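> Show me the folded form of this:
(chains A and B)
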Amino acid sequence: MFVHYAQLGLLSLRRNPLLTALMIMSIAFGVAASMVTYAVFRAVSGDPIPQKSAHLFAPQVDNWGPQYNRKGEPASAMTYTDAMALMHAHKAKRQTVLFQVLMSVMPTQGSGLPFKSAGYATYGDFFSMFDVPFQYGQGWNAQDDDNRAAVAVISRDLNQKLFGGANSVGREIELEEQTYRIVGVTEHWDPKPRFFDMFNGNAYTDASEVYIPFTHAIDLKMDTGGNNSCSGVGNRGVGWDGWIRGECVWISPWVELDSKADADEYLQFLHAYAQEQQRAGRFSWAPNVRLRDVNAWLEFQHAVPPESRLSLTVALGFFVICLVNTIGLLLAKFMRRAPEIGIRRALGASRADIYRQFLAEAGMVGLAGGVLGLFLTGLGMAGAGMVFEPQIARLAHLDMSLVALTLLVAIGATVLAAFYPTWRAAQVQPAWQLKSN
Amino acid sequence: MQIKPILSALRQHKAGTVLIAMQIALTLAIVCNALFIIQQRLAHLSEPSGIDETHLFVVENQWVGKPSPDQLDAQIRADLSALRQLSSVQDASVSNSYPLHGGGWDDGLKLKPDQANATTEAAIYFADEHMLATLGLKLIAGRNFRADEIGHMGIRDALAPPVIVITKALAEKLFPSVDGHANAALGKTVYLMSNRTTIIGIVDQLQSQSVARWAADFAHRSVLVPLRLVSPQGTYYLIQAKPGQLDAAMHAAEPTLLAQSRKRVISDKDGLLSFAEVRAHAYDSDYGMAVLMGIVCVVLLAITAAGIVGLTSFWVGQRRRQIGVRRALGATRRDILSYFMTENLLISSGGALLGVLLAVTMNLWLVIRFEMQHLSLLYVFIGVAILLLLGQCAVLAPAMRAAQVSPVEATRTV
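This next block holds a predicted model:
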């Protein structure tokens, strides 16, 4: 029976090509606008590490105080002093601190010019905490951290560039004219947004290529390749040695905690640490600490660009208008067929039959709108770079789930829009129609 | 035109009337706000930077290894003199950042050393005596730096220049004067955080390094300090090419620098940028938003027009007999035409009224949610005018078809 109604629907669509085309285009544009903006939104609002996001936390300690902090919130990064205190306290299951490094890499073969690779100076726990997948070897261990060893982990891409993709574990790499021994090569790994380095505005930048021990970087007096924020505080320190003892923040700390109880305990530890600093005279304010998990951290750091949210909102409004438009057009289309409905009803069709027939017809409109909408969505994805920042636009892609969603939304919304026109159609009085004709 | 019969006829088509009115209201709400967003974004991206951009380009020069500050300073000076000697180059200078770059150094300025909070934040640009000429900045008071005033400092040293040049916008913020003259700041002492310095010159305009919202407070408040920043991370060479020789200068820059020393990295990807590229990149999200809102407006108006055409056509078809009767009773074609036009005007006006409310509500929500500004009433008026006009245009074709209905229709049954 459904097939019959669908066929009737198709026939009817052909009868009024202009009205039908208007409806289909309306649905298609509405659904395409919503889908393109949704794909971008989905890309930027997703959980970058779903299997662990509830167990990874970014601790914050307010070292600026109410006068210089931002609206009562502690800074988004830490001073060297506080970061070291957290590492030495060793209160979490795993912990790391990190800062961005930008290092020149000397090509291994030929007389190629050096190039720059971005990455992080961090602790060995980084790799296990963030589930970094390895192609060859593994991350360095705690002993390497303690020994302040000159070891490095490089990315698959950098390994390709330097060693043609061969297993380079144990080989040497020259970074900023220093020699490091490669201990691991990561698989392609690029969580988006890069939750662990929101402080440097690196949420959507290119994948990092190189990792070295934090302790070794400090030995080399390496400066951060990322941000350094001092707010209005006077104690900034002079020279590199002064700077790392000053109150400027530039290090992102992360801890892994298994349970709610562990998290509570860690928060208490942060509180106690801040209290201790207050007693020591470094802080002249009550402890102000935070412990946010990955998703809370992304929310706090506004990982979703306002443009993305705004355009999704506008696109949804746009879709609603398209649906209102469709209701009007369907109403016109269905009511134009009042005589036909009258005859069908007079010949014994029940109201339910009318409902089925017209909803099936609306379903066909929705399907056609969805297919055209899919095409427009594809077109919109290709042009997304014009509207969103290129590094964000390229994250959006048309996958199977989005294709299914597009068709489903188009059909569902059209059928929903058809309820009122169909109800009106079902109200047609057979006698009245027959009489007037 | 008699309104009353139209209104009573509309009562027979409540659903259609309400749908058109609703569509117009929603469209108006979105179009007003979209136009306003477009205007805001365009205003933002057409803010002048104060620099002569046409023949300007930037080289991002990163160092290899960890040379000492003195070595780096010597290298930078050698680089600059080599760049300035190029026949295609007008002038060249060096800084830690540049307008629209995105990142850089900003710091607080104080009027008294013991002041707790800074009077204002300002963009800090490191500069030598060639900076004003290279960027084409207009000095409106005081003087430029002298060559012998230029020093150098490491990235973690204290920023303590004895003299500075500031922008007019910053001068007016620091020393507001009754007659709006920026000269009041000239020769005054201010504090870069806690370090005393004297304002020796004022330039007309120099935008800060970021056009993002976080830097909006000090958008045009900039300070030039007579120092070369020697950072192991790298430095930016700003180069003003001679008119018409931008391409030549951009081609010559990298080989010239590599000839000075090969211990540097100039990235293939973005190591060499014309200022046009810098500008495009800085504003790509603003530009994108304006484009998106533009597309939304156009498509939305088209869909609304199509909806009006569709529903009105349906009404015309439904009322052919009544139109025939009216024509038979003496109504002219003009009367029929104006009947449908007026009908649409009534519905549209009702929709527009509701739409104005919706537009304002939507804007209030955007203000809260996205820190947007309050919608100016001008955009509401423009939106209303566009939609009323659109309604009239859309209804024209079906109304003309209605006007063509012959009086004979009155006698036909179907």
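> what about whatever residue of the stretch 251-400 of chain A ends up closest to chain B, neighbour count?
Proximity to chain B, evaluated over the stretch 251-400 of chain A using C-beta to the nearest C-beta, is greatest for A:Ala332 at 3.4 Å. No exception for glycine: its C-beta is placed from N, CA and C like everyone else's. Per other C-beta atoms under 10 Å in any protein chain shown, the neighbour tally for A:Ala332 reads 25.
> host element of B:Val384?
helix B:377-403 (DSSP states H and E).
> buried ones in that helix?
Across helix B:377-403, burial judged by 16 or more other C-beta atoms under 10 Å in any protein chain shown covers B:379-380, B:382-384, B:386-388, B:390-392, B:394-396, B:398-399, B:401-403.
> Also stretch B:74-88?
Across stretch B:74-88, burial judged by 16+ other C-beta under 10 Å covers B:Gln75, B:Ile76, B:Asp79, B:Leu80, B:Ala82, B:Leu83, B:Leu86, B:Ser88.
> What distance do you get for the fourth one to chain A?
Distance of B:Leu80 to chain A, computed by C-beta to the nearest C-beta, to the nearest Å: 21 Å.
> Hmm, that residue is touching B:Ser93, no?
Yes: between B:Leu80 and B:Ser93 there is a contact under C-beta atoms under 8 Å: 7.3 Å.
> Would you point out which residue of chain B is nearest chain A?
Counting by C-beta to the nearest C-beta, chain B gets nearest chain A through B:Phe314, at 3.4 Å.
> Any part of stretch A:141-159 near chain B?
No: Stretch A:141-159 is not in contact with chain B by C-beta under 8 Å from any C-beta of the partner chain; minimum separation 13.8 Å.
> Need the distance between the two termini of that stretch.
21 Å (C-alpha to C-alpha, to the nearest Å).
> Now for B:Leu80 and B:Ser93: what residues contact both?
Common neighbours of B:Leu80 and B:Ser93, using C-beta atoms under 8 Å, 6 or more residues apart in numbering or on different chains, are B:Asp128, B:His130, B:Tyr237.
> so which of those residues comes closest to A:Gln268?
Nearest to A:Gln268 among these is B:Tyr237, at 51.7 Å by C-beta to C-beta.
> That closest one pairs with what?
Beta-bridge pairing for B:Tyr237 (DSSP bridges): B:Val59, B:Val94.
> Break the chain into its domains for me.
Since no chain was named, I'll use chain A. A:2-47+A:305-436, A:56-300 (automatic domain parsing).
> oops, I was thinking of chain B
According to automatic domain parsing, the ranges for chain B are B:3-45+B:285-411, B:65-262.
> picking that back up, so the residue of chain B closest to chain A is in which element?
Going by DSSP H and E, B:Phe314 is in helix B:284-318.
> what residues does the stretch 301-414 of chain B put near chain A?
Checking the stretch 301-414 of chain B against chain A by C-beta under 8 Å from any C-beta, the hits are B:303-304, B:306-307, B:309-311, B:313-314, B:317-318, B:362, B:366, B:369-371, B:413-414.
> Go again with 10 Å.
Listed as neighbours of chain A in the stretch 301-414 of chain B under the rule C-beta under 10 Å from any C-beta of the partner chain: B:302-315, B:317-318, B:358, B:362, B:365-366, B:369-372, B:413-414.
> name the helices or strands packed onto the helix ranked longest in chain A?
Longest helix in chain A by number of residues, with DSSP state H as the criterion: helix A:351-382. Helix A:351-382 is packed against helix A:2-15, helix A:17-45, helix A:306-335, helix A:338-346, helix A:400-426, with contacts defined by 3 or more C-beta pairs under 10 Å, 6 or more residues apart in numbering or on different chains; DSSP states H and E.
> How far off centre is the second one?
Offset of helix A:17-45 from its chain centre (C-alpha atoms, centre = their mean, to the nearest Å): 22 Å.
> Tell me the buried residues in that helix?
Under 16+ other C-beta under 10 Å, the buried positions of helix A:17-45 are A:19-20, A:22-45.
> got it, and the first one?
When neighbours are counted by 16+ other C-beta under 10 Å, the buried residues of helix A:2-15 are found to be A:Tyr5, A:Ala6, A:Leu8, A:Gly9, A:Ser12, A:Leu13.
> do it and chain B meet?
No: Helix A:2-15 does not reach chain B (C-beta under 10 Å from any C-beta); its nearest approach is 13.1 Å.
> what angle separates that helix from helix A:17-45?
Relative orientation of helix A:2-15 and helix A:17-45, computed by axes from the mean of the first three to the mean of the last three C-alpha atoms, to 10 degrees: 110 degrees.
> Helix A:2-15 packs against which elements?
Helix A:2-15 packs on helix A:17-45, helix A:306-335, helix A:351-382, going by 3+ C-beta pairs under 10 Å, 6+ apart.
> The helix or strand just after the last one close to chain B?
It stands for helix A:351-382. Using DSSP H and E, the helix or strand that follows helix A:351-382 towards the C-terminus is helix A:384-387. Yes: against chain B, helix A:384-387 shows contacts by C-beta under 10 Å from any C-beta at A:Ala384, A:Gly385, A:Met386, A:Val387.
> what about helix A:384-387, distance to the chain center?
17 Å.
> Which is the succeeding secondary structure element to that helix?
Next in line after helix A:384-387, if elements are assigned by DSSP H and E, sits helix A:390-393.
> What are the buried residues along that following helix?
Buried residues in helix A:390-393 (16+ other C-beta under 10 Å): A:Ile392, A:Ala393.
> isn't A:Asp62 right up against A:Ser284?
No: A:Asp62 lies out of contact with A:Ser284 (C-beta atoms under 10 Å); the separation is 11.4 Å.
> Who has more neighbours out of those two?
Taking other C-beta under 10 Å, A:Asp62 and A:Ser284 do not tie; A:Asp62 has more neighbours (22 against 10).
> Would you mind measuring from the more buried one to chain B?
The gap separating A:Asp62 from chain B is 17 Å, by C-beta to the nearest C-beta.
> got a list of what that residue touches?
A:Asp62 makes contact with A:68-69, A:72-75, A:82, A:274, A:277, A:283, A:285-290, according to C-beta atoms under 10 Å, 6 or more residues apart in numbering or on different chains.
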